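1. Fold the following and give me the result.
(one chain, ligands or ions: 1)
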Amino acid sequence: MKTLISIRSLGRSDLDALISDALELRNRLDDRGVIPRSLEGRCVAAMFFEPSTRTRLSFDLAAQRLGAHVITFDPETSSTSKGESLRDTSLTVAAIGADILVVRHSQAGVPQAVGEWTGLPVVNAGDGAHEHPTQALLDAVTLRRHFGDLAGLRMAVVGDITHSRVAGSLIHAMPVLGVDLTLVGPAQWLPDESTVRMSQSLDELINEVDVLYLLRVQTERGGVIDQDYIDEFGVDAARVARMGAGAVLMHAGPINRGVEIGEEVAESPRALINEQVRNGVPTRMAVLRALAGAST
Ligand code: CP
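-> Coordinates of the predicted model:
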């Protein structure tokens with residue numbers, strides 16, 4: 001793997017190899033086992049032009065666990081604030097000695113452009129409403145740990161589909177892994193057309209799915225929260241009670257309690273939200289190892 005801009009660049013065998021490496025690394029982290037120093041002496045630069053907690057910290061820890069140096073670029077305290085262009089900033093970070101770039105930006109396409117300017121491997125850590133490929137990967141790892149085989153698993157992704165880069169990657173990754181995916185939301189947040197099934201009624205399918213994946217309303221990209229949305233698509237304790245036996249709840253975070261997820265629902269035994277976060281580190285280790293040529 002030379003770069004990771006879109007999950008669409010990965011076929012079934014690529015996904016399986018990354019998931020398998022992440023599962024092995026998760027076991028080693030849990031057991032405090034030997035972690036391969038696959039990035040010893042390399043430098044990973046985190047270039048986050050948009051806020052992040054989970055992705056940024058887990059890439060940072062993932063790179064450090066593998067022996068890399070990590071340098072962090074903060075747009076607010078960097079020369080970006082003096083007018084330096086994105087291209088010049090990227091070339092500067094490359095000239096400093098970065099070997100791999102992890103890029104988040106509000107504009108779709110920026111991680112790809114950074115890769116083209118610098119010639120370096122880039123991980124897309126979220127670009128606009130386009131994609132967030134490592135989120136879809138860590139979600140697949142979480143599902144594999146919980147359910148084993150994903151073939152035939154019924155999953156509904158619920159909410160602000162059109163503004164969500166998480167949905168943008170799940171739509172491509174999950175069917176490749178055999179998941180039966182449905183997009184659920186109000187008409188204005190569903191795409192005009194999709195390769196997967198769509199529904200405007202959560203209540204019609206809530207008792208039929210194995211995985212209910214809730215999306216945050218992307219207010220920074222034009223999503224507007226109103227009471228109708230909360231009433232029709234918010235998953236409160238009453239809706240959780242209608243989920244099937246063994247069904248689980250997922251959310252990429254950050255969560256908005258009282259909007260897409262009820263106040264207490266994140267603490268439900270059905271919620272895998274913390275597991276998703278935990279799997280972020282080994283998953284990003286697997287991606288960095290693949291980019292460094294250490295695996296897959
Ligand atoms: N899921 C996710 O991307 O979270 P952060 O914005 O905190 O990185």
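
2. Please count neighbours and contacts with C-alpha atoms only from this point.
-> OK.

3. Just the buried residues of stretch 24-38, please?
-> L25, R26, S38 (16 or more other C-alpha atoms under 10 Å).

4. what number of residues lie near A237?
-> Look at A237: counted by other C-alpha atoms under 10 Å, it has 15 neighbours.

5. Now do it against G262, distance only.
-> Distance, A237 to G262, using C-alpha to C-alpha, to the nearest Å: 7 Å.

6. Can you name the next helix or strand after the helix or strand in which A63 is found?
-> Taking DSSP states H and E as the criterion, A63 maps to helix 54-65. Downstream of helix 54-65, the first helix or strand assigned by DSSP H and E is strand 69-73.

7. Who are the packing partners of the helix or strand following that following strand?
-> Helices and strands here follow DSSP H and E; after strand 69-73, the next one along the chain is helix 86-96. In terms of contacts (3 or more C-alpha pairs under 8 Å, 6 or more residues apart in numbering; DSSP states H and E), helix 86-96 is packed against helix 110-118.

8. Show me what the helix it packs on is packed up against.
-> Here helix 110-118 touches helix 86-96, strand 100-105, strand 122-127, going by 3+ C-alpha pairs under 8 Å, 6+ apart.

9. what angle do the second one and helix 54-65 make?
-> When you say that, I think you mean strand 100-105. Relative orientation of strand 100-105 versus helix 54-65 (axes from the mean of the first three to the mean of the last three C-alpha atoms, to 10 degrees): 170 degrees.

10. Show me what the mean pLDDT comes to for strand 100-105.
-> The average pLDDT for strand 100-105 rounds to 98.

11. Please apply the same query to the longest one.
-> In this model, helix 86-96 has a mean pLDDT of 97.

12. Using PDB, list the CA coordinates for that helix.
-> Output of helix 86-96 as PDB, limited to C-alpha atoms (Å, rounded to 0.1, in the frame of the first residue of the first chain):
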ATOM      1  CA  LEU A  86      -1.000  24.700   1.900                       C
ATOM      2  CA  ARG A  87       1.400  23.500  -0.900                       C
ATOM      3  CA  ASP A  88       4.300  25.400   0.600                       C
ATOM      4  CA  THR A  89       3.500  24.100   4.100                       C
ATOM      5  CA  SER A  90       3.300  20.600   2.800                       C
ATOM      6  CA  LEU A  91       6.700  20.900   1.100                       C
ATOM      7  CA  THR A  92       8.200  22.400   4.200                       C
ATOM      8  CA  VAL A  93       7.000  19.500   6.400                       C
ATOM      9  CA  ALA A  94       8.400  17.100   3.800                       C
ATOM     10  CA  ALA A  95      11.700  18.900   3.700                       C
ATOM     11  CA  ILE A  96      12.000  18.800   7.500                       C
END
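
13. Enumerate the positions of that helix that are buried.
-> For helix 86-96, the neighbour count (16+ other C-alpha under 10 Å) marks T89, S90, L91, V93, A94 as buried.

14. Need the residues you listed in a markdown table (columns: distance to the ligand).
-> Below are these laid out as a markdown table (distance: C-alpha to the nearest ligand atom, whole Å):
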| residue | distance to the ligand |
| --- | --- |
| T89 | 22 |
| S90 | 21 |
| L91 | 24 |
| V93 | 21 |
| A94 | 23 |
